[in-house]
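Chemist: sequence-free structure coming up:
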């Protein structure tokens, strides 16, 4: 075995924040995935000029920020929580009112995933909305990758898995530097089956059904649309900020 | 919605014993899956006349049984552990010496999965070796089902997922009484891709590579061979015993 082969990078996927302790290491870039809808909303907010997003795990923390005068988004079980400024629909994060602002966000799954991985080497936010920019960034970093799916209340969910599969597929098509964990091997197959029509593929998924009941079909359609932004949100000192895709370092004040 | 629809059964899959607390409920039949090789070895032992198998999580417990004169199988990291009677190769459990015997077993993953689910409504053991009998039993029980994959050191593994997918596929082909969790929807697709040649499909899986390095190709081939037995091992009072496929109640002394 050559030295080159010994140093092959890893790409793996973890299907639940609850399982993160089993997968964590000190070197991987962790991609947080909650495509319906937290990570899609986060990408949208930065694309529309938000300066910073502070993810918090509990409603209590969110309330404390609200009392201090912050704009706060809060979602539980697919619905906006009373008393806050936004839910987690991407359409809530497109207005003039967010330009240059710091927003606090708490959601059922996505912000919990960020909290669980907070000690990782680097945390970035992935969604179909920024998938190409994300893959460019990951390939450029030449680091091991852990795709952390937020799931639904710590259970596996289909839409995050399909997105993780799409990333795995793209990485494997563009580089032979990675060893694929078993989860990523399974995801590559899943992604190949989903590729033609992701929306239809997800028809039977539990969360898509849940959101459809809440009349959120437009949200779903938007969240599954690739490449609406080149923004890659990165977690830095307790908050998400924008990163320029190929520098790997956080940029502020771009929006 | 009719009363019938409200009472639809669930089938879901959990990809790691570590994640079991998130999936557990009081009503589901839990199928323990560790096809390479613990659950294949367990099915083989009963097919060859073992009376009872006591799964234990630690080597210390296994040693204590050994000192009391029990036959004990012990595997860690794919290898038999020194000082015990067997490893976890199915071929270790085919001899005359196991007929009518109680065997104690500890393995890297499978016996840990049994330990984690020990309070479930019912625990049965699944492998390709007993897949048809297992599916007949599950359909006959008319209960919700949780397919608990042992994985590798609490990470997702491909071979247990492929087996869980094969069970899901069979259940969905033969009954419309089940709601499929997201993990089972993903597994159905995976299983469809794996069906033609499971051995080849698993070529890149981490554990298959691990076992191939240990020169265990014959073990792998055997463990992936469907329907070598109609035995369904069931967990009862701290030990696995044989169950007759359609009665749902444990049977003893059949071997």
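Modeler: Yep, that arrived. Since the structure is predicted, the reported quantities are computational estimates derived from the model, not experimental observations.
Chemist: helix or strand right after whatever helix or strand residue A:21 lives in?
Modeler: Assessed by DSSP states H and E, residue A:21 sits inside helix A:20-23. Sequence order places strand A:29-33 as the next helix or strand after helix A:20-23, per DSSP H and E.
Chemist: that next one: how far from the chain's middle?
Modeler: 6 Å (C-alpha atoms, centre = their mean, to the nearest Å).
Chemist: who touches it?
Modeler: Under the contact criterion C-beta atoms under 8 Å, 6 or more residues apart in numbering or on different chains, strand A:29-33 has outside partners A:39, A:110, A:113-114, A:117, A:120-127, A:134, A:138, A:141, A:143-150, A:160, A:163-164, A:167. C-beta coordinates here come from the backbone N, C-alpha and C atoms, glycine included.
Chemist: where strands are concerned, which of those count?
Modeler: If you go by DSSP state E, the contacts of strand A:29-33 have A:122, A:123, A:124, A:125, A:126, A:145, A:146, A:147, A:148, A:149 in strands.
Chemist: let me see the backbone angles for the closest residue to the second one other than its chain neighbours.
Modeler: Closest residue to residue A:123 apart from its sequence neighbours, by C-beta to C-beta, 6 or more residues apart in numbering or on different chains: residue A:235 at 3.8 Å. Summarising the backbone geometry of residue A:235 under the convention degrees, to the nearest 10, its torsions are phi -90, psi 130.
Chemist: show me the shaky parts of chain A.
Modeler: A:1-6, A:244-255 (pLDDT under 70).
Chemist: relative orientation of the longest helix seen in it and strand A:122-126 in degrees?
Modeler: In chain A, assigned by DSSP state H, the helix with the most residues is helix A:158-174. Per axes from the mean of the first three to the mean of the last three C-alpha atoms, to 10 degrees, the angle that helix A:158-174 makes with strand A:122-126 is 110 degrees.
Chemist: tell me what helix A:158-174 is packed against?
Modeler: strand A:9-14, strand A:29-33, helix A:131-141, strand A:145-149, strand A:178-180, helix A:182-194, helix A:206-213, helix B:182-194 (3 or more C-beta pairs under 8 Å, 6 or more residues apart in numbering or on different chains; DSSP states H and E).
Chemist: so who does residue A:27 touch?
Modeler: Contacts of residue A:27 (C-beta under 8 Å, 6+ apart): A:121, A:143, A:144.
Chemist: from residue A:89, how far off is residue A:215?
Modeler: 11 Å (C-beta to C-beta, to the nearest Å).
Chemist: please say which of the two ends up with more neighbours.
Modeler: residue A:89 (23 against 8; other C-beta atoms under 10 Å in any protein chain shown).
Chemist: next, the contact list for the closest residue to that one other than its chain neighbours, please.
Modeler: Nearest residue to residue A:89, sequence neighbours excluded (C-beta to C-beta, 6+ apart): residue A:219, at 5.2 Å. Residues in contact with residue A:219 (C-beta under 8 Å, 6+ apart) are A:36, A:37, A:89, A:90, A:91, A:211.
Chemist: just the closest of those residues to chain B, please.
Modeler: Of all the contacts of residue A:219, chain B sits closest to residue A:36, with 11.6 Å by C-beta to the nearest C-beta.
Chemist: correct me, but the closest one touches residue A:161?
Modeler: No. The criterion here is C-beta atoms under 8 Å, and residue A:36 misses it with residue A:161 at 11.8 Å.
Chemist: need the overlap of contacts for those two.
Modeler: By C-beta under 8 Å, 6+ apart, no residue touches both residue A:36 and residue A:161.
Chemist: on that earlier part again, of the ones in strands among the contacts of strand A:29-33 - the most surrounded one?
Modeler: residue A:126 (32 neighbours).
Chemist: quick one on the thing from earlier: can you put the contacts of residue A:219 in JSON lines and add secondary structure and distance to residue B:227?
Modeler: Converted to JSON lines, the contacts of residue A:219 look like this (DSSP: H, G, I helix; E, B strand; the rest coil; distance: C-beta to C-beta, whole Å):
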{"residue": "A:36", "secondary structure": "coil", "distance to residue B:227": "40"}
{"residue": "A:37", "secondary structure": "coil", "distance to residue B:227": "45"}
{"residue": "A:89", "secondary structure": "coil", "distance to residue B:227": "50"}
{"residue": "A:90", "secondary structure": "helix", "distance to residue B:227": "50"}
{"residue": "A:91", "secondary structure": "helix", "distance to residue B:227": "53"}
{"residue": "A:211", "secondary structure": "helix", "distance to residue B:227": "41"}
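Chemist: pick out whichever of the residues you listed sits closest to residue A:68.
Modeler: residue A:89 (24.0 Å; C-beta to C-beta).
Chemist: wait, what's in contact with that closest one?
Modeler: So residue A:89 contacts A:37, A:41, A:80, A:216, A:219 (C-beta under 8 Å, 6+ apart).
Chemist: still on that earlier bit, ok, and for the helix holding residue A:21, which residues are buried?
Modeler: A:20, A:22, A:23 (16 or more other C-beta atoms under 10 Å in any protein chain shown).
Chemist: what sits up against it?
Modeler: A:12, A:14, A:113, A:116, A:117, A:146, A:148, B:16, B:18, B:153, B:154, B:155.
Chemist: farthest-apart pair in those, please.
Modeler: A:113 and B:153 (21.6 Å).
Chemist: neighbour count: the two, which is higher?
Modeler: Set residue A:113 next to residue B:153 and count neighbours by other C-beta under 10 Å: residue A:113 wins out with 31 against 14.
Chemist: that one and chain B, how far apart?
Modeler: 14 Å (C-beta to the nearest C-beta, to the nearest Å).
Chemist: repeat that for residue A:187.
Modeler: Counting by C-beta to the nearest C-beta - residue A:187 and chain B are separated by 9 Å.
Chemist: OK, contacts around the closest residue to that residue other than its chain neighbours?
Modeler: Sequence neighbours aside, residue A:165 is the residue nearest to residue A:187 in space, at 3.5 Å (criterion: C-beta to C-beta, 6+ apart). Applying C-beta under 8 Å, 6+ apart, we find residue A:165 in contact with A:184, A:187, A:188, A:189, A:190, A:191, A:192, A:194.
Chemist: nearest to residue B:63 among those residues?
Modeler: residue A:184 (37.7 Å).
Chemist: tell me the secondary structure of the closest residue to residue A:125 other than its chain neighbours, please.
Modeler: Closest residue to residue A:125 apart from its sequence neighbours, by C-beta to C-beta, 6+ apart: residue A:233 at 3.9 Å. Classification of residue A:233 using DSSP: H, G, I helix; E, B strand; the rest coil returns strand.
Chemist: so residue A:233 sits right up against residue A:240, yeah?
Modeler: Yes. Using C-beta under 8 Å, residue A:233 is in contact with residue A:240, at 4.3 Å.
Chemist: which residues are common contacts for these two?
Modeler: A:42, A:46, A:53, A:125.
Chemist: show me which residues of the stretch 1-150 of chain A sit near chain B.
Modeler: The stretch 1-150 of chain A has residues A:12, A:13, A:15, A:16, A:18, A:19, A:21, A:22, A:23 near chain B, with proximity defined as C-beta under 8 Å from any C-beta of the partner chain.
Chemist: ignore the last one, the stretch 151-255 of chain A
Modeler: A:152-158, A:161, A:180-183, A:185-186, A:189-190, A:193, A:204-207.
Chemist: just among the contacts of residue A:27, which is most surrounded?
Modeler: Most surrounded of these: other C-beta under 10 Å gives residue A:144, at 20 neighbours.
Chemist: check the gap between that one and residue A:7 for me.
Modeler: 10 Å.
Chemist: not counting its neighbours along the chain, what's nearest the closest residue to chain B within the stretch 1-150 of chain A?
Modeler: Ranked by C-beta to the nearest C-beta, the top residue of the stretch 1-150 of chain A for proximity to chain B is residue A:22, at 4.4 Å. Once flanking residues are discounted, residue A:22 sits nearest to residue B:154: 4.4 Å by C-beta to C-beta, 6+ apart.
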